[in-house]
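*Asks:* quick one, what's the 3D model for this:
(2 chains)
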2 protein chains.
Amino acid sequence: MSTLETEMLEIGRRARAAAHALRLISSDERTAALRAIAARLHAQARAIVSANDVDVGAAERNGLGAAQIDRLRLNQERAVALAESVATIAAQRDPVGAIAEDWTRPNGLRIQRVRTPIGVIGMIFESRPNVAADAGALALRSGNAVILRGGSDSAATVAAIVAELRAALGEAGLPQDAIQIVPTQDRAAVGLMLTGLGGAIDVIIPRGGKSLVARVQSEARVPVFAHLEGICHTYVHAAADPAKARAIVVNAKMRRVSVCGATETLLIDDAIAAQLLPPIAAALREAGCQLRGDEAARAVMPMDAATEEDWRTEYLAPMLSIRVVAGIEQAMAHIARYGSQHTDAIVTEDAVAAARFLREVDSAIVLHNASTQFADGGEFGFGGEIGIATGRLHARGPVGAEQLTTFKYVIHGDGQIRP
Amino acid sequence: MSTLETEMLEIGRRARAAAHALRLISSDERTAALRAIAARLHAQARAIVSANDVDVGAAERNGLGAAQIDRLRLNQERAVALAESVATIAAQRDPVGAIAEDWTRPNGLRIQRVRTPIGVIGMIFESRPNVAADAGALALRSGNAVILRGGSDSAATVAAIVAELRAALGEAGLPQDAIQIVPTQDRAAVGLMLTGLGGAIDVIIPRGGKSLVARVQSEARVPVFAHLEGICHTYVHAAADPAKARAIVVNAKMRRVSVCGATETLLIDDAIAAQLLPPIAAALREAGCQLRGDEAARAVMPMDAATEEDWRTEYLAPMLSIRVVAGIEQAMAHIARYGSQHTDAIVTEDAVAAARFLREVDSAIVLHNASTQFADGGEFGFGGEIGIATGRLHARGPVGAEQLTTFKYVIHGDGQIRP
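*Replies:* Below you'll find the model as predicted:
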């Protein structure tokens, strides 16, 4: 067994032991530890920013792009926001021990479905250092241990953050190994995590670019909560309110173009394209968005031509593809063919069309008359999110603390035996 | 690509298309199809029994054991029971479209978590032919397509059952490919199913012996709902009611010894062992059970000595291991060390001890004052079960129709855009 393998298995064993301890402590103890983390992150914000300066300096010397450096950067304001995010999670209701269902059988047996922690979460992420604080806090809220493996670009920042998380765990009398960081940038460590570290990891959550997620999804031998991409659609139906449609489309595309819930394709009914597309397109362009349309869209408004490839592309950039459709049937067929089952919206005042779209579109999140950028754990009221999942099992959509729990059945009898 | 691979991928494509159609039909249509299946199974019970005679005859010629032949045999009574089980599932509430959660955000967005079918289920099973009818019915109830792969021993029976299921689907106007059977006993077909058939299978459910389940769990590249074994414990606490304890232990072990919820180890507090173990042991022996105990148990009642291996053994036979423990702490430590996180029970009149056991024992099902043999979808009120899962994600415990659904978030807005 290689040294790395021995070391990783030891991390897994420690995480499992910490998870066992965490499962048995009370909600109040977890809350106290989360408050201690928030306090330390707030008090040490300046030190964390200093560590981040080291990472940013190295990134600049290594010639990283502006977008990458922006993802990496943690200024004082962002560092304080980290602490505030943890404080929000500390204030959340505790999902562990919550009774999800409760029924009594004719023989008097009372059966309860009770939430319990999953166990150990393996978190593999790239440059955003805030993931370490969010993942650590959500794991703790849900009674899980977490093994973090960040990217080399943010190594100093993540080390500084995790040192505060572990110090706070110690202050609160909780096992520090509930939050561990893989101490090497050796890529083989990721491969070992994907094997589950001898049964020590229950689920892997990758956060990062498409190539990272694709590797994790193809190689992981344990369950994965993830989404490969967010090819999200906003469909403006013939019965849409024009003002709502314009505001929603501009927000869905342009509020932040780099998030997975950003709309990448606008579908618009031909019955109202001549009337609604010009003001929508003008508002998008004013916001700095480039447009690519099919022939029918270009007949209404001059714009670049969209190719087949555009319908399959997650731009993550100020670029929108536009297709004119013959109605809801064609809109839903387009989404089924090109979408990524992440988040899709319909804008309409027609309740029947809305109900049909919400029922038939098979995505993790479907919206009526709202922006696709609401695909976010914070906006769902989850306090934060550790990722957004498009798999069909267990966790789908934003993954917050509750989604990091499993359950067990608790049965109360009075001597029942089975005939 | 081999002929088998081409054929299996085609089965996967058909299942996916059928799943797409099933997702959009109404609950009433699925109910009507289930009633048609129950009616056909009832009407054709004699023909199914004849097909079964062929399988049983071959099994006898091939020298299969009595237990295996019993699992395989489908007499008139059991064939009618198949139809009745499907009728029960037809009468169940439909899980698809049920709203599991529903909340409104401060900005007026209403978010609903709505149950939707998983998609395509791959079912790999051995000799019990009733699995084909139960799996087909539960998949249909939950809006899923299913691909069945049975064992060679029951091939004629399963073919006869599936022919009726598909005929009933046709009568009801539903796609027959919602229930398909793999038409070959080539073992490579199982390997192909475990790869997911190019994304066509969403979850695999193995039903059969430990070696089948172990192979599926180790090779599957898609999620698996399963349990490897049921090493279930009944813990008789010092404050147990003696009559309840005796009745529960005898039922938990001896009602049916071959089911996964059968108790394999009795743990009993030393404070009451001298008083309670003799009547319990006598009742067990009267029921035909052999006993193996640790030293303390043998000091109270003469019996064979249990070895370390006994604590790890799922007997599935009229055999029980018995250990005297110093209290709840030691009992829970034994369960954590040797159990399979399937089903464990405590017998006590002490509410504090019961609450502690139910909270701290980390098994899919934990019971207080009831028999471990209640680990069964029918006893949970699920109408039937397609398996029992000990994994930590999504489905845990008995898997009925509701457990074969996933969910999506449905969001109702009034023009909300994200600040």
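
*Asks:* surely residue A:120 touches residue A:19?
*Replies:* Yes: taking contacts as CB atoms under 8 Å, residue A:120 lies within contact range of residue A:19: 5.1 Å. Yep, even glycine has a C-beta here, placed from its N, CA and C like the rest.

*Asks:* quick one: low-confidence residue ranges for the stretch 1-150 of chain A.
*Replies:* Within the stretch 1-150 of chain A, the set of residues satisfying pLDDT under 70 is empty.

*Asks:* can you give me the strands for it?
*Replies:* Listed in chain order, the strands of the stretch 1-150 of chain A (DSSP state E, counting those that start in this stretch) span A:99-104, A:110-117, A:120-125, A:145-149.

*Asks:* so where's the longest strand in chain A?
*Replies:* What stands out as the longest strand in chain A, according to DSSP state E, is strand A:405-416.

*Asks:* okay, the angle between it and strand A:110-117?
*Replies:* Angle, strand A:405-416 to strand A:110-117, by axes from the mean of the first three to the mean of the last three CA atoms, to 10 degrees: 150 degrees.

*Asks:* could you name the helices and strands sitting against strand A:405-416?
*Replies:* When contacts are defined as 3 or more CB pairs under 8 Å, 6 or more residues apart in numbering or on different chains; DSSP states H and E, strand A:405-416 sits against strand A:110-117, helix B:242-254, strand B:365-370.

*Asks:* would you mark the buried spots in the second one?
*Replies:* Think helix B:242-254. B:244-254 (16 or more other CB atoms under 10 Å in any protein chain shown).

*Asks:* residues touching it, excluding its own?
*Replies:* For helix B:242-254, contacts defined as CB atoms under 8 Å, 6 or more residues apart in numbering or on different chains pick out A:415, A:417-418, B:232, B:234, B:236, B:262-264, B:266, B:275-276, B:279-280, B:283-284, B:287-289, B:318, B:320, B:345, B:347, B:369-373.

*Asks:* of those residues, which belong to strands?
*Replies:* A:415, B:232, B:234, B:236, B:263-264, B:266, B:320, B:345, B:347, B:369-370.

*Asks:* looking at the residues you listed, which gets the smallest pLDDT?
*Replies:* When those are compared by pLDDT, residue A:415 scores lowest at 84.

*Asks:* verify the stated contact: that residue with residue B:369.
*Replies:* Yes: between residue A:415 and residue B:369 there is a contact under CB under 8 Å: 5.5 Å.

*Asks:* the two: who's more crowded?
*Replies:* Legend: neighbour count by other CB atoms under 10 Å in any protein chain shown for residue A:415 and residue B:369, higher for residue B:369 (23 against 16).

*Asks:* for that one, give me its contacts.
*Replies:* A:412-416, B:241, B:244, B:248, B:345-348, B:354.

*Asks:* just give the closest residue to the residue of the stretch 251-400 of chain A found nearest chain B, not the sequence neighbours.
*Replies:* Residue nearest to chain B within the stretch 251-400 of chain A: residue A:370 (2.9 Å; CB to the nearest CB). Leaving aside its sequence neighbours, residue A:370 sits nearest to residue B:413 (CB to CB, 6 or more residues apart in numbering or on different chains; 2.9 Å).

*Asks:* isn't that neighbour right up against residue A:365?
*Replies:* No: counting by CB under 8 Å, residue B:413 does not reach residue A:365; the two are 11.9 Å apart.

*Asks:* pull up the overlap in contacts between these two.
*Replies:* In contact with both residue B:413 and residue A:365: residue A:374, using CB under 8 Å, 6+ apart.

*Asks:* who has more neighbours, those two?
*Replies:* Each of residue B:413 and residue A:365 has its neighbours counted (other CB under 10 Å); residue A:365 has more, 28 against 22.

*Asks:* quick check, pLDDT for the more buried one.
*Replies:* For residue A:365, the pLDDT comes out at 95.

*Asks:* correct me, but it touches residue A:397?
*Replies:* Yes: the criterion here is CB under 8 Å, and residue A:365 meets it with residue A:397 at 5.2 Å.

*Asks:* give me the neighbour count for the closest residue to chain B within the stretch 51-200 of chain A.
*Replies:* Residue nearest to chain B within the stretch 51-200 of chain A: residue A:118 (5.2 Å; CB to the nearest CB). The number of residues packed near residue A:118 is 23, by other CB under 10 Å.

*Asks:* and if you look at residue A:294?
*Replies:* Burial of residue A:294 is recorded as 18 neighbouring residues (other CB under 10 Å).

*Asks:* which residues does the closest residue in space to it that isn't next to it in sequence bridge with?
*Replies:* Of all residues not flanking residue A:294 in the chain, residue A:323 sits nearest, at 4.8 Å (CB to CB, 6+ apart). With DSSP bridges applied, residue A:323 shows beta-bridge pairing to residue A:267.

*Asks:* elements contacting the lengthiest helix in chain A?
*Replies:* As assigned by DSSP state H, the longest helix anywhere in chain A is helix A:3-24. Applying 3+ CB pairs under 8 Å, 6+ apart, we find helix A:3-24 packed against strand A:110-117, strand A:120-125, strand A:145-149, strand A:179-181, helix A:188-194.

*Asks:* return the set of buried residues in the first one.
*Replies:* For strand A:110-117, burial by neighbour count (16+ other CB under 10 Å) applies to A:111-117.

*Asks:* what pLDDT does the nearest residue to residue A:340 once chain neighbours are set aside get?
*Replies:* Closest residue to residue A:340 apart from its sequence neighbours, by CB to CB, 6+ apart: residue A:231 at 4.4 Å. Predicted confidence (pLDDT) for residue A:231: 97.

*Asks:* now do residue A:417
*Replies:* 86.

*Asks:* that one and chain B, how far apart?
*Replies:* As judged by CB to the nearest CB, to the nearest Å, residue A:417 and chain B stand 4 Å apart.

*Asks:* hmm, residue B:255 and that residue touching each other?
*Replies:* Yes: at 7.4 Å, residue A:417 and residue B:255 qualify as touching, with contact defined as CB under 8 Å.
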